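Asks: Next one to model:
(2 chains)
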Amino acid sequence: MTDQTSQNAAKLYGIAVSSGIIIGKAHLVDRSRVRILYQYLISDEQVKKEVERFRCALDKTKDQISTAKSRMPDHIKKHAFILDTHLMILDDTMFAEATINTILEEKINAEWALKKSIQNIGELFEQIDDPYIKERFSDVESVAERILRHLAGKNQDSLFDIDDRVIIVAHDLSPADTSALNPGKIMGFITDVGGRTSHTAIMAKSLKIPAVVALESVTLQVQEGNLLIVNGNNGEVLINPDDETINRYQEMQLQYERYESSIVRVSHLPAETTDGHRIATMANIEFLEEVVMAKDHGAEGVGLYRTEFHFLRSDTLPGEEELFEDYKQVAEIMAPEPVTIRTLDLGGDKFSGQLELSKEMNPALGLRAIRFCLKERGIFRGQLRAILRASAYGNVKILLPMISGLQEVLDTRMILDEVKEDFDGLKIPYDRNIKVGVMIEVPSAVAVADVLARHVDFFSIGTNDLIQYALAIDRINEHVAYMYQPFHPAILRMIRQVVEGAKKGGISVALCGEMAEDPLCTFSLLGLGIDELSMNSMGVPLIKKLIRSMSMAEAKADLEKIFQLDTASTVREFILKRMEPFRSDLGGKNLFRQ
Amino acid sequence: MELRKTLKIDNELGLHARSAAKIVALTSEYKADLFLKKEDQEVDGSSILSILTLACPKGTEVEARTVGEDSEALMEALDKLFKQKFGESR
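Replies: Here you go, the predicted structure:
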């Protein structure tokens, strides 16, 4: 979407994935794929030159990887192994020598010859059954891509060489790109593609800088050095704004920072209603570095630790040891507060480079999350082992995603019991009373909530997926996205049913979707009887403050009225009116926009 | 000088990237050449990609063949590497 205001000025809208407002200069990073040309070589002289050109590109690539390795900060040096593998691939006879021979024998250009070598290697790897080994082919492709870029004479700008503080503009950013960047020089990220869980989003949040993704063609519209305004609170990106606009945004930037610090000051106070009901407010985190931020913002534990990052960030599957170290640290920092670790939720909208997931017509209804884990039991068992081992170091809970019925719980329990038995034999310490809960995000789980409640220790309602599955809408599909309505009476009734099922089974209910941090939902969720709200840590201070300003009795009375209303829009209107007195609490957040 | 010896892969993950890389790195320290054979497929021990295509899970036996002046030293070091499960804990 482009909205032309004056010459060269433009406004784009994307998905805001990391909050804050910044004004700065653009730095474009070219990460597009290289196009391959096919050429026959006529003379022997040309053939000789072509071999030389390939050798030269090979050497440059080696230098580049060696440099990247030497620049790696110490704490991520253990991942340097991937770069060593890449260097070995460059030296491999199947790779380098084979390509040179192809140039000599078939008299074709280096790019084409390299492509043939890759295809040959690909065919060999295709026959391997072991997914761990099979996925190494992605390393071969990644190395080849680097060589192709050198062959094309493309400038391989390293994010490390940036001098000024800039806003990075890229098609997409990979872990390799961001691991090479100098955090002090980056003000923010904006990218053509990506989503809330993309690597760019994760990095930006960890660096506490704003980021907007899914801007479609921002790399085509922005030129090097253009002045940009990035609003990570609502997804706006302004290119070449005029002075008046800049002034306005500078004011907004200041206000936002003031608002942030004012609200954070009282964030350590508990979320207790005026009539004494206490709600646990927890943080959703994606990686270790976020734990400190969560504590700073007053989160009373981690309600949802997403574990996909380790499986997505590099070309190799993480080992049990690596996962254990990570989970252990999170548990230790948070202890004695709880850390709820959600097991691998891969599939659907998430992309995995190394796991060979076949293309599905309907990924949201396909092999993902617990289904994937119960199929790839080796991966699942490794993760469960890591979680159990970490449970000896803090207050760890296990959360199973996308449960659709009791069978998946029973199957998982069986694996877990086997691991426990193993550990008992080997005298490996773990928390014998570790709590196991399930995500309620599939409508069938809502229907059997009372059954599930008898077999698990807690529920966590994942409203994002629940709303999509219950209302049969794909949020990413622009034609139906407007129907994504948290206030749909069906959703509120489903949450009520889940809470009733939980209370019958005597277990607690958490809620960890975006509804948890939407101030408009807070009253209703209180009234519904949710015990715990888990959200991005940035949202914790505000929600805590809101809870402190209302009574449970009022919330319940409101809910009675809400259940009399028939449509999402009438519910929304009712809530907006009800929230009017709290407008000032909401500060810089423009929650009243449609 | 040529030596042959059957070696067993004992680490949990089998001959995956990390263990294969160790074999390649070790071989590069010696003048002798290394070949690894599983069933009737023999590959060059200095090529990590070739080793990976052997696809050896835990428990696989491979025949190592070292050729060259220090083939004995290479075989000895290789034997040790396999026995130590490539330095992996499991």
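Asks: does A:His86 count as helix, strand or coil?
Replies: helix (DSSP: H, G, I helix; E, B strand; the rest coil).
Asks: Test my guess that it contacts A:Ile65.
Replies: Yes. Contact status for A:His86 versus A:Ile65: in contact at 5.4 Å, counting by CB atoms under 8 Å. C-beta coordinates here come from the backbone N, C-alpha and C atoms, glycine included.
Asks: Close to chain B: what parts of chain A are there?
Replies: A:81, A:84-85, A:88-89, A:92-95, A:121, A:124-125, A:127-130, A:132-133, A:136, A:139-140, A:316, A:319, A:321 (CB under 8 Å from any CB of the partner chain).
Asks: Give me the buried subset of these.
Replies: For those, a neighbour count by 16 or more other CB atoms under 10 Å in any protein chain shown gives the buried set as A:84-85, A:88-89, A:92, A:94-95, A:121, A:125, A:128, A:130, A:132-133, A:136, A:139-140, A:316, A:319.
Asks: and A:Val498, what is it in contact with?
Replies: Contact partners of A:Val498, counting by CB atoms under 8 Å, 6 or more residues apart in numbering or on different chains, are A:440, A:446, A:449, A:459, A:461, A:509.
Asks: and if you look at A:Ala510?
Replies: Neighbouring residues of A:Ala510 by CB under 8 Å, 6+ apart: A:280, A:282, A:303, A:340, A:437, A:458-461, A:530-534.
Asks: Keep only those of those that are in strands.
Replies: Among the contacts of A:Ala510, the residues falling in strands (DSSP state E) are A:280, A:282, A:303, A:340, A:437, A:458-461, A:532-534.
Asks: So which elements touch the helix or strand where A:Ala68 lies?
Replies: Assigned by DSSP states H and E, A:Ala68 falls within helix A:44-71. Where contact means 3 or more CB pairs under 8 Å, 6 or more residues apart in numbering or on different chains; DSSP states H and E, helix A:44-71 is packed against helix A:80-91, helix A:98-106, helix A:110-126, helix A:137-151.
Asks: Which residues of chain B lie near chain A?
Replies: B:13-18, B:21, B:24-25, B:44, B:46-50, B:52-53, B:55, B:57, B:89.
Asks: contacts for stretch B:27-44?
Replies: Counting by CB under 8 Å, 6+ apart, A:93, B:1, B:23, B:45-46, B:50-51, B:53-54, B:56, B:60-71, B:73-74, B:77-78 sit against stretch B:27-44.
Asks: 6 Å instead, please
Replies: Residues outside stretch B:27-44 that contact it (CB atoms under 6 Å, 6 or more residues apart in numbering or on different chains): B:45-46, B:50, B:54, B:62-71, B:74.
Asks: residues of it that come out buried?
Replies: By neighbour count on 16+ other CB under 10 Å, the buried set for stretch B:27-44 is B:27, B:30, B:32-38, B:43-44.
Asks: Restricted to helices, list these.
Replies: Cross-referencing the buried residues of stretch B:27-44 against helices under DSSP state H gives B:Thr27.
Asks: TSV please, covering the buried residues of stretch B:27-44 and showing distance to A:Tyr38 and pLDDT.
Replies: Shown next, in TSV, are the buried residues of stretch B:27-44 (distance: CB to CB, whole Å; pLDDT from 0 to 100):
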residue	distance to A:Tyr38	pLDDT
B:Thr27	36	94
B:Tyr30	41	94
B:Ala32	40	94
B:Asp33	35	94
B:Leu34	37	96
B:Phe35	35	96
B:Leu36	36	96
B:Lys37	37	95
B:Lys38	36	93
B:Val43	30	94
B:Asp44	29	93
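Asks: Looking at the buried residues of stretch B:27-44, which is nearest chain A?
Replies: Nearest to chain A, judged by CB to the nearest CB, of those is B:Asp44 at 6.2 Å.
Asks: Tally up the residues packed near A:Arg71, please.
Replies: 12 (other CB atoms under 10 Å in any protein chain shown).
Asks: ugh, wrong one, I meant A:Phe324
Replies: 20.
Asks: cool, and A:Asn8?
Replies: Counted with other CB under 10 Å, A:Asn8 comes out at 11.
Asks: Look up the pLDDT of the residue nearest to it when sequence neighbours are not counted for me, please.
Replies: Of all residues not flanking A:Asn8 in the chain, A:Asn240 sits nearest, at 4.9 Å (CB to CB, 6 or more residues apart in numbering or on different chains). You'll see A:Asn240 listed with a pLDDT of 94.
Asks: Over to A:Lys154?
Replies: Value for A:Lys154, per-residue pLDDT: 61.
Asks: Now the stretch 301-450 of chain A against chain B: closest residue?
Replies: Chain B sits closest to A:Thr316 of the stretch 301-450 of chain A, with a gap of 6.7 Å, by CB to the nearest CB.
Asks: What is the three-state secondary structure of that residue?
Replies: Under three-state DSSP, A:Thr316 comes out as coil.
Asks: And for A:Ala392?
Replies: Once three-state DSSP is applied, A:Ala392 turns out helix.
Asks: residues contacting it?
Replies: Applying CB under 6 Å, 6+ apart, one finds that A:Ala392 lies in contact with A:429-430.
Asks: measure it to A:Arg413 for me?
Replies: 20 Å (CB to CB, to the nearest Å).
Asks: Who's the closest spatial neighbour of A:Glu289, skipping the chain neighbours?
Replies: A:Ser206 (4.6 Å).
Asks: ok, and that neighbour, which helix or strand is that part of?
Replies: Counting by DSSP H and E, A:Ser206 is part of helix A:199-207.
Asks: so A:Ser404 makes contact with A:Ser444?
Replies: Yes. Judged on CB atoms under 6 Å, A:Ser404 makes contact with A:Ser444 at a distance of 4.9 Å.
Asks: For chain A, which strand extends over the most residues?
Replies: Longest strand in chain A, counting by DSSP E: strand A:21-29.
Asks: how about A:Lys11, phi and psi?
Replies: Dihedral pair for A:Lys11: phi -130, psi 130, per degrees, to the nearest 10.
Asks: so it makes contact with A:Leu238?
Replies: Yes. When contacts are counted by CB under 6 Å, A:Lys11 is listed as touching A:Leu238 (5.2 Å).
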